[in-house]
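Student: Would you be able to build a 3D model of this:
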Amino acid sequence: KLILLDSLLQEIMANQPKLAGGVNGSDSESIHTSIADLSKFTFMKVLSEDTDRKVVTVQASVSNSPHPAILTLEKPPFTSPACQGILSGDTVAAQQFSNDIYGQYSLQPAPLHNTVKCNIIHPATEKHMEKYLSSPPHLIVETPDLYWGVTRPHLEQEQFSLQWVYNVLDHKKEVERIIYEDPDPVTGFILAPDFKWSGQSVSDLYCLAIVHSRGIRSLRDLTSQHLDLLRNIQKSSALAVKEKYGLEMSQIRAYLHYQPSYYHLHVHITSLQFSPPGSGCEKGHLLETVIANIEMDSVYYQKATLPFVVREKENLYKKFMDDGYFKEKDEPVDLCSREFELGSCSGSLKFWEMLGRAKHEPCGEFWETTYGESAWRLAIMCLSLGDGVDKGRLVGLALSSSLTSMGSINDENTEWGEKVAEVGRVVKAHLPTKSAGLLYGLFEEHARVRRGKLDGSREHQLYRGVLEMEEIMLRWEEEVKEGRPASEVKELLSKMSRVKFPGWEQFSLLSDPTPLTKLLQFWLNISRLQKLRRTGWVRCGVREPETVAGHMFRMGVMGLLVGGEEAAVISLCHDMAECIIGDITPHCKVTQEEKEVKEDNAFKGLVKELPGHIVRELYGSFRRYEEQREGDNAAKLVKDLDKFDMILQAWEYEKRDKKGAYLQQFFESTSTVFKTIPVKKWRLELLSSREKHFAEA
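Tutor: Residues are numbered from 1 along each chain as shown. As a prediction, the model looks like this:
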């Protein structure tokens, strides 16, 4: 039977050796240096209990200390010597009942065989109390967007101190408990018994492998760069456990928790005869499976959906509650991301305005190309890569590069870490949670690749190459303006080959530059859109108006967040033919039918000599925009984004130029065209702000 709480406390005090001293009440000295008995602890309340494991956690006050303590009391498993000692005359037996051959007894063994294990935390903080306080559990199904939007910001703000971990790793504490150590700073770790293990029987063996490498928070951070570390833990831990405790590799389980109780990577190693908390499917991830998943996809855990349990007492539960995670989920009432359909849209509208800065601000001291225009060309380069890569991820990284323009200063004048933090604050303050998480995660990843901190994936290698390709093209364009012959493209072709754009095999193996030259010519053709001012603004006398590339850039970001990858790609391609025929407007005396034919022929001419998969991606996206087929929700959304970006830009110019409502015609021409719920809401919010602005003026 489970021994009552008072009995457990009495047993602990009875079995402690009676030494001089007691609990040291000084806050400057740990009580763990002088505990001889538990007479200075006074029971306050039960925080939680587990009848299956025979564990109870209590809160207690401590004499001469203003801080409470947490005591976890556990009956350890029976050992053979304990069983032999219990079956003796020293054990008092009191019969509870008997029936035929069956009887039940309450036994009081001698103290030697009636040990209770006790873990003590003092001083215990509110976070410790929350951790141990019993509370109803809930299952969170965490997508990558939820991780970046809800979980990650919470963890950065409210995690436990890791000092005790560093004390172990630095040999300042618990040196005598170390079972095995590999001191390598990258692939090494310390293997030590977990406090949950009594150490008296291998049947409930419980050890922890704590890595030496700092900065790896959890499963979410693991990539192919960490495979050597994980394999080392897998192999070396098994050998150490076998050598010391006699358990074969097939008799132990090694697994990681998600979410972990502390955010420094560690692996749990337990006997298969023992099922400790956290070894179940909702929290435990077998090390063998983790390794296999990363071997299959180097960024598997950055893309995976990872369920975990959170309790109502935890602040993380409150974060998900505030985000609306636990509200009843209806099907989206429109064709867009549901989070843009509900609630206020003022933050989103403000964020779209902030992207307008990227349309107009040069991306470097020596370049005329703006952040937005460069991001647009980067995205098109990513769409020009070979098959078999995650182009949606690459396009997202390319578009996120424009966020460097946000905040007080750009990346030329600040550290990347500061810029990432600044961008994180901006997106979280203005966008719905999932979209903020997605965009922040992409920008943080872009920053890592820019700094050369690749995760080993093919996508990171390619994106790094695309970034370098854009730098070379920007420099080449400036040199051409200064007199360099435009035909000198050998450096560009060589870089294209190293990045492995389609045609690199012919260039490197056969010395045939033709396929790469055709792709480069396509890029140079569409790059005219980085200089082509939109006709409507020029006709109305707008000073320094946006370019066609800048227009498609902001549409691409809106499309990515509101409609996903397909909407982003359609946005990036829909006006591409204008590099050949120009920006034709209703004032150009060209019928709609003539305009459509001109655009289609121009687009075909642009891509006709490119590899088939690029034609399918770019021309196919253009046709989806033009045809507006029934059920093509992404194309319908982009049609709305096209008109909305126009009136948003008109509003930005009106505010900047202080000439009144001089672009009213753009608002009148779009008054009845919008069909999607988010864009309708943005339009109403924009019109309200505009009306208020001019009324105050």
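
Student: how about low-confidence regions in the stretch 401-550 of the chain?
Tutor: 409-414 (pLDDT under 70).

Student: now the helices: where do they sit in it?
Tutor: Along the stretch 401-550 of the chain, the stretches classed as helices by DSSP state H, counting those that start in this stretch are 416-430, 433-450, 458-481, 490-499, 504-510, 514-526, 535-539, 548-563.

Student: Residues contacting the fifth one, please?
Tutor: Same thing as helix 504-510. 493, 496-498, 512-516 (Cβ atoms under 8 Å, 6 or more residues apart in numbering). To be clear about C-beta, it is placed using only N, CA and C from the backbone, and glycine gets the same treatment.

Student: coming back round to it: ranking the helices of the stretch 401-550 of the chain by burial, who's on top?
Tutor: helix 548-563 (a mean of 28; mean count of other Cβ atoms under 10 Å).

Student: What average pLDDT does the following helix or strand past it get?
Tutor: With elements assigned by DSSP states H and E, the helix or strand that comes after helix 548-563 is helix 565-573. Taken as a whole, helix 565-573 carries a mean pLDDT of 96.

Student: just checking, what packs against the helix or strand following helix 565-573?
Tutor: Next along the chain after helix 565-573, taking DSSP H and E as the criterion, comes helix 578-581. Judged by 3 or more Cβ pairs under 8 Å, 6 or more residues apart in numbering; DSSP states H and E, helix 578-581 is in contact with helix 514-526, helix 592-607.

Student: Can you add distance to Ser571 and give the helices of the stretch 401-550 of the chain back as TSV?
Tutor: Listed next are the helices of the stretch 401-550 of the chain as TSV, based on distance: least, Cβ to Cβ, whole Å:
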stretch	distance to Ser571
helix 416-430	19
helix 433-450	15
helix 458-481	19
helix 490-499	24
helix 504-510	28
helix 514-526	14
helix 535-539	18
helix 548-563	4
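
Student: For Leu663, find the nearest of the ones you listed.
Tutor: With Cβ to Cβ as the criterion, Leu663 lies closest to helix 535-539 of the helices of the stretch 401-550 of the chain, at 8.5 Å.

Student: Please provide the alpha-carbon coordinates for that closest one, formatted as PDB.
Tutor: Extracted C-alpha coordinates of helix 535-539, given in PDB (Å, rounded to 0.1, in the frame of the first residue of the first chain):
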ATOM      1  CA  THR A 535       3.200  53.700 -65.500                       C
ATOM      2  CA  GLY A 536       0.300  54.800 -63.300                       C
ATOM      3  CA  TRP A 537       2.600  56.600 -60.800                       C
ATOM      4  CA  VAL A 538       4.700  58.200 -63.600                       C
ATOM      5  CA  ARG A 539       1.500  59.500 -65.300                       C
END
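
Student: Use 27 as the first number for this chain going forward.
Tutor: Sure, I'll start counting at 27 from here, so that last one is helix 561-565.

Student: ok, and what's touching that helix?
Tutor: With Cβ under 8 Å, 6+ apart as the test, helix 561-565 has contacts from 571-572, 608-611, 613-614, 672, 675, 679, 692.

Student: So which of these belong to strands?
Tutor: Among the contacts of helix 561-565, none falls in strands (DSSP state E).

Student: And the residues you listed, which is closest to Leu420?
Tutor: Nearest to Leu420 among the contacts of helix 561-565, with distances taken as Cβ to Cβ, is Glu572, at 24.6 Å.

Student: out of the helices of the stretch 427-576 of the chain, nearest to Pro333?
Tutor: Among the helices of the stretch 427-576 of the chain, the nearest to Pro333 by Cβ to Cβ is helix 459-476 (16.5 Å).

Student: roughly how far is that closest one from the heart of the chain?
Tutor: 8 Å (Cα atoms, centre = their mean, to the nearest Å).

Student: give me the low-pLDDT residue ranges for this protein?
Tutor: 27-56, 185-186, 354-364, 367, 369, 435-440.

Student: And the strands in it?
Tutor: Counting by DSSP E, the segments of the chain that form strands are 67-76, 81-88, 95-100, 118-125, 128-134, 143-147, 163-168, 206-208, 215-219, 232-237, 278-283, 292-297, 310-312, 332-337.

Student: on that earlier part again, between the helices of the stretch 427-576 of the chain, which gets nearest to Val325?
Tutor: helix 484-507 (7.2 Å).

Student: Give me the angle between that closest one and helix 516-525.
Tutor: For helix 484-507 against helix 516-525, the angle by axes from the mean of the first three to the mean of the last three Cα atoms, to 10 degrees is 180 degrees.

Student: Output the helices and strands packed on helix 604-607 in TSV, with distance to Ser410 appended to each entry.
Tutor: Formatted as TSV, those follow (distance: least, Cβ to Cβ, whole Å):
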stretch	distance to Ser410
helix 540-552	6
helix 618-633	10
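
Student: related to what we said a few turns ago, identify whichever of the helices of the stretch 427-576 of the chain lies nearest to Thr141.
Tutor: Of all these, it is helix 459-476 that lies closest to Thr141, at 48.2 Å by Cβ to Cβ.

Student: which residue is nearest the middle of this structure?
Tutor: Centroid-nearest residue in the chain, with Cα atoms, centre = their mean: Trp174, separated by 3.9 Å.

Student: was I right about that one contacting Gly463?
Tutor: Yes. The pair Trp174 / Gly463 is scored as a contact, 3.3 Å apart, by Cβ atoms under 8 Å.
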